[in-house]
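In: Predicted model and sequence follow; I will ask about them next.
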Amino acid sequence: MNTQSYVTADGRTIGPAVMEMKNITLRFGGVVAIKDISFDIRQGEIRAIIGPNGAGKSSMLNVMNGFYHPQEGEVMFHGTKRRAMRPHQIAHQGIARTFQNIALFKGMSTLDNIMTGRLTHMKSGLLRQMVWWGASERDEVKNREVVEKIIDFLEIQAIRKTPVGRLPYGLQKRVELARALAAEPKLLLLDEPMAGMNVEEKEDMSRFILDVNDEFGTTIALIEHDMGVVMDIADRVVVMDYGKKIGDGTPEEVRTNQNVIDAYLGVAHD
Ligand SMILES: Nc1ncnc2c1ncn2[C@@H]1O[C@H](COP(=O)(O)OP(=O)(O)OP(=O)(O)O)[C@@H](O)[C@H]1O
């Protein structure tokens, strides 16, 4: 386990591992989606998982998220072996995620969608609201403060009242990021955050991911197809191919790894 902290060239502190995947194997019937993969994610870093179609990236994110339970191996979170959990228990542990296909409430406004990200923080149940109005009011004020800060941060004030179904794709992706951030996660999992975006939208999203990491100190793991984007923003990259890990290191190390070049870069990027 990585226990030493270090400071990056741009002044961010990367701490010890927050999540460790140890010898993970995941099967779907006869299909082996993940074969004996190990890697860790360190406090404060941006960690990317890349690989061609069908490499097993989404399956890995679902293992990290607790949605899938591997047949073999262990997931350690903050040094403790994680047992099988339901999605809301994962959320309470401080893990939030976005989805490859946007999963927002299309008829609801931007603001209301982001507020749903606060649900795990809402303490006051109905009974408590009836007997002690003050507590729920304080809850509400705190929730609004967090949400307003995120709206400012992601520069989406102008669309706060707009139903998200009417927004262009790139902005919907930004609202999804906002909703995940509203949970104030310790670990943020992003499933192809740039998929389907044009160049300008990708640049915007890259900047926001870097800013979130820098401003809130959020540890981020993302899976991505777009190799160029990942190389620009990730501290370290895991490369998967046919369910196996074929590379792991800094963008420079991965870029020059012959297995990676053969399996992915050489084919998809000339
Ligand atoms: N729920 C499932 N049931 C059966 N097989 C699955 C399931 N999910 C994934 N697989 C298989 O596991 C392998 C890895 O799929 P996965 O979606 O994790 O790859 P990926 O790298 O995310 O691909 P993409 O980039 O196309 O999203 C594939 O062979 C896929 O068909």
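Out: In hand now; what should we look at?

In: Neighbours of residue 190, how many?
Out: 26 (other Cβ atoms under 10 Å). C-betas here are computed from N, CA, C, even on glycine.

In: Mind listing the residues bridging to it?
Out: residue 222 (DSSP bridges).

In: show me the residues around it that make contact.
Out: 97-98, 177, 180, 209, 220-223 (Cβ atoms under 8 Å, 6 or more residues apart in numbering).

In: pLDDT score assigned to it?
Out: On pLDDT, residue 190 comes in at 95.

In: for residue 101, same thing?
Out: For residue 101, pLDDT reads 70.

In: Could you check which residue of the stretch 101-250 of the chain lies nearest the ligand?
Out: Per Cβ to the nearest ligand atom, residue 225 is where the stretch 101-250 of the chain lies closest to the ligand, at 6.1 Å.

In: any idea which helix or strand carries residue 141?
Out: Using DSSP states H and E, residue 141 sits within helix 133-153.

In: ignore the last one, residue 67
Out: Per DSSP H and E, there is no helix or strand for residue 67.

In: The residue of the stretch 101-250 of the chain closest to the ligand touches residue 197, doesn't it?
Out: No: in this structure, residue 225 is not within contact of residue 197 by Cβ atoms under 8 Å, at 11.2 Å.

In: who's more crowded, the two?
Out: residue 197 (20 against 17).

In: In contact with the more buried one, which residues?
Out: Here residue 197 is in contact with 169-170, 173, 205 (Cβ under 8 Å, 6+ apart).

In: Surely residue 161 and residue 109 touch.
Out: Yes: counting by Cβ under 8 Å, residue 161 touches residue 109, with 5.2 Å between them.

In: And the two? Which one has more around it.
Out: Shown here are residue 161 and residue 109; by other Cβ under 10 Å, residue 109 has more neighbours (17 against 9).

In: Which strand residues bridge that one?
Out: Counting by DSSP bridges, the residues bridging with residue 109 are residue 163.

In: Quickly note the distance from it to residue 65.
Out: 27 Å (Cβ to Cβ, to the nearest Å).

In: tell me, which of the contacts of residue 190 make contact with the ligand?
Out: Near the ligand, judged by Cβ under 6 Å from any ligand atom, there are no entries from the contacts of residue 190.

In: Name the nearest residue to the most centrally placed residue in the chain, sequence neighbours excluded.
Out: Compute the mean C-alpha point of the chain, and by Cα atoms, centre = their mean the closest residue is residue 189, 1.4 Å away. Spatially, and ignoring its direct neighbours in sequence, residue 189 is nearest to residue 97 (3.9 Å; Cβ to Cβ, 6 or more residues apart in numbering).

In: Just the pLDDT for the one you found.
Out: 86.

In: do residue 122 as well
Out: 62.

In: can you map out the helices along the stretch 1-150 of the chain?
Out: 57-64, 87-92, 110-116, 126-131, 133-153 (DSSP state H, counting those that start in this stretch).
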